[in-house]
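> I'd like to go over a predicted model; first the sequence, then the structure.
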Amino acid sequence: MRLPDADDAIQKGSLPMNRRLKRIWLVLLALLMCLGAAATRWVQPEPEQPEPEKQPADSASVQVFPGQNGRWGARAANGRTLIEPTWYYLRIMSDTVLIARSSDGKKDCFGLIRSNGEVLVPFIYSAFAPVSGLQDVWKASFTENGRQYYHLYHEDGTRWSDEAWESCSFEDGILTAAFGKECFTGVLNDREIDWESWSSEYPVGLHRLTMQFSGGVLHRLPQISTLRQLGECAAAYLRNLFVTHEPPDATLLSAEENGSLRAAFRNRYANCRLRSAEIVRVHRRETDALPSYAVQMHVTYERSGQGNGLEVIETSMMLTVSRNADGAYIYSGFTDARQSAAA
């Protein structure tokens, strides 16, 4: 038998068939290569990426955004939503704290929330505003009994002081605040206020008892809250001397000094009227008992003499104020340098 030669293959049309088979094999080979590459890519691990909820928010780039409902939310730099758009107003205070506004339809109130939406400061304020020149200090205003007051907040949402002031301003980094008859000046230092001066006054009839301390003297004195109480006690005692001319209630006098304190009112100040009074020194007495303070006052008063003449008297008075077992302030001693010299 003779094998078919090329001429026979050409004659019988086998050459086109071989070409078709070759093309099919090439297509299959290309398909297999593509499948292999895809499989290799599928099994090869991708570089590990943190899940969106695990990625730390780039706090410096936290942004507020409006929602379709017209309210506001906040998101991080990576696009992760931190706060859903449920707030009427949002403003960034710091990397982790935002100012938010709540409304009951009649009144808008502002408070502070964390970047996760948790309420940090209740919604009691009418406004928050940054203090010019101080990046981390905000002034918050609120109204109570028809009067406006202010708090100071650090950018992390903590208050610089629990004191509320009727006025509050900064100039050249110096804080000036006032409440009633009290006036403060100080500087913000880390997380607290270093008071440089403090003054106050208390009514004594038509006149005033004043008190003012500053600098190192103020720093060596008891806390301002204690000074305030001592000022109230001293003013009340002067009212007894020069206005009512009656001794204080027995409950305000120490048992040991009750007699001597009452003796000060026996005709000594019956015809006397106060002109001026100032607390010039406060000193805590070293005792093993409860706290006791010596309050020195420079006092000017007038006394009616024979006929129509008036005698003007300047003197130094020393009032000792102690705290009893119940924590109340009581009078435990009193001297008048002028009266003592005349005795």
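Yep, it's here.
> helices or strands up against the strand or helix carrying Ile313?
Here Ile313 sits within strand 310-323, counting by DSSP states H and E. With contacts taken as 3 or more C-beta pairs under 8 Å, 6 or more residues apart in numbering; DSSP states H and E, strand 310-323 sits against helix 224-239, strand 272-285, strand 292-304, strand 329-336, helix 337-342. In short, each C-beta sits where N, CA and C put it, glycine included.
> what does the fourth one rub up against?
Applying C-beta atoms under 8 Å, 6 or more residues apart in numbering, the set of residues contacting strand 329-336 from outside is 229-230, 233, 237, 248, 251-254, 256-257, 260-261, 264, 268, 292, 315-324.
> for it, buried residues please.
Within strand 329-336, the residues that count as buried by 16 or more other C-beta atoms under 10 Å are Tyr329, Ile330, Tyr331, Ser332, Gly333, Phe334, Asp336.
> over to the second one?
Taking 16+ other C-beta under 10 Å as the neighbour-count basis, strand 272-285 is seen to contain the buried residues Cys272, Leu274, Ala277, Ile279, Val282.
> tell me how far the third one lies from Ile224.
Think Ala277. When distance is defined by C-beta to C-beta, to the nearest Å, Ala277 is 20 Å away from Ile224.
> residue contacts, the spatially most central residue of the chain?
Residue closest to the average C-alpha location in the chain (C-alpha atoms, centre = their mean): Arg159, at 1.4 Å. If you count contacts by C-beta under 8 Å, 6+ apart, Arg159 has them with His151, Leu152, Tyr153.
> just the helices from the stretch 1-150 of the chain, written as ranges.
Assignment of helices within the stretch 1-150 of the chain using DSSP state H, counting those that start in this stretch yields the ranges 6-12, 14-43.
> where among those is average confidence lowest?
Ranked by mean pLDDT, the helices of the stretch 1-150 of the chain bottom out at helix 6-12, with a mean of 46.
> can you add distance to Asn189 and pLDDT and give the buried residues of strand 272-285 back as CSV?
Converted to CSV, the buried residues of strand 272-285 look like this (distance: C-beta to C-beta, whole Å; pLDDT from 0 to 100):
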residue, distance to Asn189, pLDDT
Cys272, 46, 90
Leu274, 39, 96
Ala277, 34, 98
Ile279, 27, 98
Val282, 24, 96
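> nearest to Met93 among the residues you listed?
The shortest gap between Met93 and any of those belongs to Val282, at 39.2 Å (C-beta to C-beta).
> that closest one bridge partners, please.
Val295 (DSSP bridges).
> how near is it to Leu310?
31 Å.
> any buried residues in the strand holding Ile313, and which?
For strand 310-323, by 16+ other C-beta under 10 Å, it's Thr315, Met317, Met318, Leu319, Thr320, Val321, Ser322, Arg323.
> and the least confident of the residues you listed?
Out of the buried residues of strand 310-323, that is Arg323, at 89.
> in a helix, that's where Phe242 is, yeah?
Yes: assigned with DSSP: H, G, I helix; E, B strand; the rest coil, Phe242 falls within a helix.
> wait, isn't it in contact with Val204?
Yes: the pair Phe242 / Val204 is scored as a contact, 6.7 Å apart, by C-beta atoms under 8 Å.
> so what sits against both of those two?
Shared contacts of Phe242 and Val204 (C-beta under 8 Å, 6+ apart): Leu274.
> the nearest residue to Glu314 once chain neighbours are set aside pairs with what?
Using C-beta to C-beta, 6 or more residues apart in numbering and skipping residues adjacent in sequence, the residue nearest Glu314 is Thr300, 5.0 Å away. Under DSSP bridges, the beta-bridge partners of Thr300 are Ser276, Glu314.
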